[in-house]
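> Provide a 3D model corresponding to the input given below.
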Amino acid sequence: TRAILDRVQHVEPRLKAYVTVTEDTALQQAGEADEAIARGEVNPLVGVPMQLKDNMSTRGIRTTCSSRMLENFVPPYDATVVEHLSAAGAVVIGKTNMDEFAMGSSTENSAFGITRNPLDATRVPGGSSGGSAAAVAAGFAPLALGSDTGGSVRVPSSLNGLVGIRPSLRLVSLDGIMPLATWQDTGGPMCRTVEDCAL
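Just a heads-up that it's a prediction; the model follows:
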C-alpha cells in the first residue's frame, strides 16, 4: 500500500485519475489486513489495494460524482459493494475521476479535470469510469470498481488494455451507487486479467 501511494504521488499529477486519494484510510486498512493475515485469515482480497469510482458512497469519505455540486458531500454510509469489499479486507486507495454524474464516455467532463490515458497521454481513457481504468492501467492497484449503464466499464477497460465485466442486471447491489438509469445501471470490476476480475 505504501509503494502504491508513493507511485500515486509521483504519477497522479499528470494522470488525474483520482478525485480523492484516501491515504490515511488506506494505511489503516492495510494495517488491519496485516493483522488479519497474521491471524491466518484466508481471503483473496485481504490487503489488495483497489479504487472506487466516485459515484459509490463511502462513509466518512467524500463522494462527488465529479461534480462541484457534491464537492463537499460526505455520505454517512457505505454502498453495499463497498461493505462487501471492506468485509473481504480490500484496501481503498481512493475515489476515481469520472464524467460528471456518469454522463459521458471520455472522462473529459469532470469538474475536477480531464483524466489522461496512461498508455498514451494524448488520448482519452474512455468513460464514464475512466479514472478507475486509468488507475489500474497506471499500476496504482490491480482492481477498481466502476459502474456501467451504456458501456462505462466496458469502454474504458477496452481503451486501457484491461478486462472489465458488466454483470447481469441486479446481480450486484446498486444500493449506495448514485444512479444514472436505475433500470440499466450495474457495478462491475476492472482489472488487468480475467482471473483478477473473477476474484
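
> Nearest residue to Ile61 in space, please, no chain neighbours.
Of all residues not flanking Ile61 in the chain, Thr22 sits nearest, at 5.7 Å (Cβ to Cβ, 6 or more residues apart in numbering). Quick note: C-beta positions are derived from backbone N, CA and C, even for glycine.

> go on, Val81?
That would be Gly187: by Cβ to Cβ, 6+ apart, it lies 5.2 Å from Val81.

> Tell me which stretches of this structure form strands.
18-21, 49-53, 91-96, 143-148, 163-164, 186-191 (DSSP state E).

> Can you say which of those is nearest to Ser173?
strand 186-191 (7.8 Å; Cβ to Cβ).

> strands paired with that closest one, and their directions?
strand 143-148 (antiparallel), strand 163-164 (antiparallel) (DSSP bridges).

> So Cys113 sits against Asn97, correct?
For residue 113 the amino acid is Gly, not Cys. Yes: here Gly113 reaches Asn97: they are 7.2 Å apart, a contact under Cβ atoms under 8 Å.

> Tell me, what's the model's pLDDT at Arg14?
Arg14 carries a pLDDT value of 94.

> Could you give the number of residues near the residue nearest to Val81?
27 (other Cβ atoms under 10 Å).

> related to what we said a few turns ago, quickly list what's touching both of Gly113 and Asn97.
By Cβ atoms under 8 Å, 6 or more residues apart in numbering, Gly113 and Asn97 have these common neighbours: Lys16.

> Just want to know which of the two has more residues nearby.
Asn97 (32 against 14).
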